[in-house]
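1. pasted the sequence and its predicted model underneath.
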Amino acid sequence: MALFQTLVEFQRTIYLALAEQIKLLSAGGGWLAFMAFLPMGVLSGAAHALTPGSQ
């Protein structure tokens, strides 16, 4: 159960970071913000794939 809780917390952290990057991009963050956004999207997808909700 601890592993599942850790994955959920990790996914939430990534989700909040992605939300912040989307805000920066919408405010004209440019290429740097966009390039920072891409790896976080990949990590978010990987964390989501490990949780039972994606099955």
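-> That came through fine.

2. got the contact list for the residue most central in space within the chain?
-> Most central in the chain under C-alpha atoms, centre = their mean is I14, positioned 3.2 Å from the mean C-alpha point. If you count contacts by C-beta atoms under 8 Å, 6 or more residues apart in numbering, I14 has them with M40, L43, S44, A47. The C-beta positions use only the backbone N, C-alpha and C, and glycine is treated the same way.

3. change it to 6 Å
-> L43, S44, A47 (C-beta atoms under 6 Å, 6 or more residues apart in numbering).

4. just the ones of those residues in helices?
-> Using DSSP state H, the subset of those located in helices is L43, S44, A47.

5. from the contacts of I14, pick the one nearest L25.
-> S44 (15.2 Å; C-beta to C-beta).

6. tell me which element the closest residue to the closest one other than its chain neighbours is part of?
-> Spatial nearest neighbour of S44, excluding adjacent residues (C-beta to C-beta, 6 or more residues apart in numbering): I14 at 4.4 Å. Element membership for I14, per DSSP states H and E: helix 2-26.

7. noted, bye for now.
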